[in-house]
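# mind looking at a prediction? Sequence and model below.
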Amino acid sequence: MTLISSRERARPSRSTGRPSNKLPGLAMAAAGVALSWGVHRLVPAVPMLTAAVVLGIAAAHLPGVRALVRGAGRPGLTLAGKRLMRAGVVLLGLKLGLDDVLGLGWATVVMVLVTVVATFFGTLWLGRRLGLRGDQPLLIATGYSICGASAIGAVSEVSGSDEEDVATSVALVTLCGTLAIAVLPLLHHPLGLDDAQFGRWVGAGVHDVGQVVATAQTAGPTALTEAVLVKLMRVALLAPLVAAVAVAVRRRRAYDAEAGAGAGAAEGKRPALVPLFVLGFLAMVVVRTTGWVPAAALDGAQHAQELLLAAALFGLGSAVHLPTLVRTGGRVAALGLCSWAVIAGVSYGGVLLTT
């Protein structure tokens, strides 16, 4: 099974317009962040990042606004979806210290690894069988197994994925993660889980960090602590996954060049094995591990990371075209539900076996 679809998608050309051409889109992204923050303040159960995606999708379809989104605002919104996503991923590394991961114990680490591998390859295989377009199976598998939209954005940078594939994948993963906030707490006691077990299950099975926090906090501080630690262990796997995808892209392009299937692939820029923003993520993990960063600085970095990711997700949400999504909606929904069942089932079994 290959990580990259047989039909390699060309990376969209970068905009060569003046910086001022991006200002309308960036202003829209900033407004989207402000509205997302307001929604989260009014309804704390709705994470700001989830609200940002939904508002971005809404902006792309509202009469009077959609013309701006698809026209003058597009360059800035695309910039937000790419560049601000990278910056947010870098700051995400400050949430993770190596001592936190080691403190989980090897049994939990193995459980997380098994869950991630089973979810990633299971989702990728099923997506190919369902015939989803382009890189959607790869991106959805990444989002479900690692850390939602942040992982999708990181992998799309090295896979050269089409912006519409990225937006559709983000919308699906965000939708299922949002449903988890309402559904999983109802299963806490029926499944016979204590608070710590429930927290680990949520951390291993829910996609985005914000969604993990919103779901686990319903069971109290013990569940929340366990959930965040397990979730950050999954986040730590982002760097090796991005490197693996970069290797797969290189091999695919080399194969296409040798077979004469596409000179463009041979002439295109080879993706770095580990992109700079992933190196930045790893550097932030090391910085956090040293313990030298004051708590106030970590809090500030967390707020900055949330704002950057919210702007990026608003930009990605604005690229969703619902009529196109509806045409493949049945297959996409089937993949999402099956993948959700896999990660929930495998992580539940893992929690029971390791506690």
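Great, that's in hand.
# so residue 315 sits against residue 79, correct?
Yes. The pair residue 315 / residue 79 is scored as a contact, 7.5 Å apart, by Cβ atoms under 8 Å. Where C-beta positions appear, they are placed from N, C-alpha and C, glycine not excepted.
# okay, and the common contacts of the two?
Taking Cβ atoms under 8 Å, 6 or more residues apart in numbering as the criterion, residue 315 and residue 79 both touch residue 25.
# the two: which is more packed in?
Neighbours were counted for residue 315 and for residue 79 using other Cβ atoms under 10 Å; residue 315 has more, 33 against 21.
# and that one, what pLDDT?
As summarised for this prediction, residue 315 has a pLDDT of 86.
# separation between the most centrally placed residue in the chain and residue 40?
With distances taken as Cα atoms, centre = their mean, the chain has residue 149 as the residue nearest its mean C-alpha position (2.2 Å). The gap separating residue 149 from residue 40 is 16 Å, by Cβ to Cβ, to the nearest Å.
# what about residue 237, how many neighbours?
By the measure other Cβ under 10 Å, the count of residues near residue 237 is 18.
# surely it and residue 146 touch.
Yes. Using Cβ under 8 Å, residue 237 is in contact with residue 146, at 5.9 Å.
# and the helix or strand harbouring residue 230, what other elements does it pack with?
For residue 230, the host element (DSSP states H and E) is helix 221-236. Packing contacts for helix 221-236, counted by 3 or more Cβ pairs under 8 Å, 6 or more residues apart in numbering; DSSP states H and E, involve helix 98-103, helix 106-130, helix 195-205, helix 209-216.
# among the ones you listed, which is nearest residue 334?
Closest to residue 334 of the helices and strands packed on helix 221-236 is helix 106-130 (Cβ to Cβ; 6.4 Å).
# got a list of contacts for the closest one?
Contact partners of helix 106-130, identified using Cβ under 8 Å, 6+ apart, comprise 1, 3, 5, 101, 104, 136-138, 140-142, 144-146, 200, 204-205, 230, 233-234, 237, 241, 331, 334-335, 338-339, 342-343, 346-347, 350-351, 353-354.
# quick check: mean pLDDT of whatever helix or strand comes next after it?
Using DSSP H and E, the helix or strand that follows helix 106-130 in sequence is helix 136-145. When pLDDT is averaged over helix 136-145, the result is 92.
# next helix or strand past helix 136-145?
Helix 136-145 is succeeded, C-terminally, by helix 149-159 (DSSP H and E).
# any idea of the angle that next one forms with helix 221-236?
Going by axes from the mean of the first three to the mean of the last three Cα atoms, to 10 degrees, helix 149-159 is angled at 0 degrees with respect to helix 221-236.
# helices or strands up against the next helix or strand after helix 149-159?
Next along the chain after helix 149-159, taking DSSP H and E as the criterion, comes helix 163-187. The elements that helix 163-187 packs onto, with contact taken as 3+ Cβ pairs under 8 Å, 6+ apart, are helix 48-59, helix 136-145, helix 149-159, helix 195-205, helix 209-216, helix 295-317, helix 322-327, helix 329-354.
# using JSON lines, please lay out those together with distance to residue 83.
Below are those laid out as JSON lines (distance: least, Cβ to Cβ, whole Å):
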{"stretch": "helix 48-59", "distance to residue 83": "16"}
{"stretch": "helix 136-145", "distance to residue 83": "18"}
{"stretch": "helix 149-159", "distance to residue 83": "10"}
{"stretch": "helix 195-205", "distance to residue 83": "29"}
{"stretch": "helix 209-216", "distance to residue 83": "20"}
{"stretch": "helix 295-317", "distance to residue 83": "8"}
{"stretch": "helix 322-327", "distance to residue 83": "25"}
{"stretch": "helix 329-354", "distance to residue 83": "27"}
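# worst average pLDDT in the ones you listed?
helix 322-327 (a mean of 68).
# please point out which parts of stretch 174-191 sit buried.
Burial within stretch 174-191, assessed by neighbour count using 16 or more other Cβ atoms under 10 Å, is assigned to 174-178, 180-181, 184-185, 188.
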